[in-house]
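S.K.: Quick check, what structure comes out for this input:
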Amino acid sequence: MAIILVTGATRGIGYETVRTLADAGHAVWLGARDPERGKKAAQETGAHFVHLDVTDDSSIEAATHTVGELDVLINNAGILEPNPALAEATRHCLQVVFDTNVFGPVRVTNAFLPALSRSDSATVINVTSSIGSLSKSADVNDEFTAYPQDLYRASKAALNMFTVQCAKANPTMRVNCVDPGLTGTEMMGGFGQPPAVAAATIARAALLGPEGPTGQFLGPNGVVPW
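M.R.: The predicted structure is shown next:
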């Protein structure tokens, strides 16, 4: 049994990831910035609730004390909006998107490194997207090449680089980013595969164990090009 923390888990992929892992018998912490929604989701999924706002350093620090020991960290919290055209992106828009999608995972990971370092199966999973792939984004024939999410793309590309650097800095841990595939969450307007399918991809990567790959960009069908 692993002790697992999933951030941003009151709905969608995060919620289903918590449910999948809890149903498999693991001790799962459901991280959420809204206590009311978080406690409700934890009760529904059989998880433990921890108040965790990835944009608030004091909240992150408090969460480390609540959780204590940890084997697997799944940085799932993310936002799609604001979504202006690149030429209209303000500093504020950039800060909002990057604070949750990049700075959040960095700060949460760093805060939980001491706990993870005590685990024999320490794993960090950063939930990303294939549209954060530079090579796929540069391919005019890629199925999502015209997908107009410039700031989201950039934030996921930055998260991917953090994953690589974090893996290099922590060779005893498994640190990977995972693209669960296009998923019909509320954030995506219901378009795509069921969230439970995406959750299975994340759960599989989270439980690869100490002999699994590290510093990789993983997807539903294997390795995704950077």
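S.K.: who touches the longest helix seen in the chain?
M.R.: Using DSSP state H, we find that the single longest helix of the chain is helix 150-169. By Cβ atoms under 8 Å, 6 or more residues apart in numbering, the list of residues contacting helix 150-169 from outside reads 80, 82-86, 89, 93-94, 97-98, 101-102, 105-106, 109, 124, 126, 128-129, 131-134, 137, 147, 173-177, 214-215, 217, 226. No exception for glycine: its C-beta is placed from N, CA and C like everyone else's.
S.K.: Helices - which of the residues you listed land there?
M.R.: Those of those lying in helices (DSSP H): 93, 94, 97, 98, 105, 106, 109, 134, 137.
S.K.: okay if I get these as a markdown table plus distance to residue 13, pLDDT and neighbour count?
M.R.: As requested, those are exported to a markdown table (distance: Cβ to Cβ, whole Å; pLDDT from 0 to 100; neighbours: other Cβ atoms under 10 Å):
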| residue | distance to residue 13 | pLDDT | neighbour count |
| --- | --- | --- | --- |
| 93 | 23 | 94 | 16 |
| 94 | 24 | 94 | 15 |
| 97 | 18 | 96 | 24 |
| 98 | 20 | 97 | 16 |
| 105 | 15 | 99 | 30 |
| 106 | 20 | 99 | 17 |
| 109 | 18 | 99 | 21 |
| 134 | 23 | 85 | 13 |
| 137 | 21 | 74 | 19 |
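S.K.: Redo the residues you listed as JSON lines? Include distance to residue 38.
M.R.: Formatted as JSON lines, the ones in helices among the contacts of helix 150-169 follow (distance: Cβ to Cβ, whole Å):
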{"residue": "93", "distance to residue 38": "27"}
{"residue": "94", "distance to residue 38": "28"}
{"residue": "97", "distance to residue 38": "22"}
{"residue": "98", "distance to residue 38": "24"}
{"residue": "105", "distance to residue 38": "18"}
{"residue": "106", "distance to residue 38": "22"}
{"residue": "109", "distance to residue 38": "20"}
{"residue": "134", "distance to residue 38": "35"}
{"residue": "137", "distance to residue 38": "34"}
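S.K.: Once you drop chain neighbours, what's closest to the most centrally placed residue in the chain?
M.R.: By Cα atoms, centre = their mean, the mean C-alpha position of the chain lies nearest to residue 76, the distance being 2.5 Å. Ranked by Cβ to Cβ, 6 or more residues apart in numbering and with sequence neighbours excluded, the top spatial neighbour of residue 76 is residue 14, at 4.2 Å.
S.K.: Understood, closing this out.
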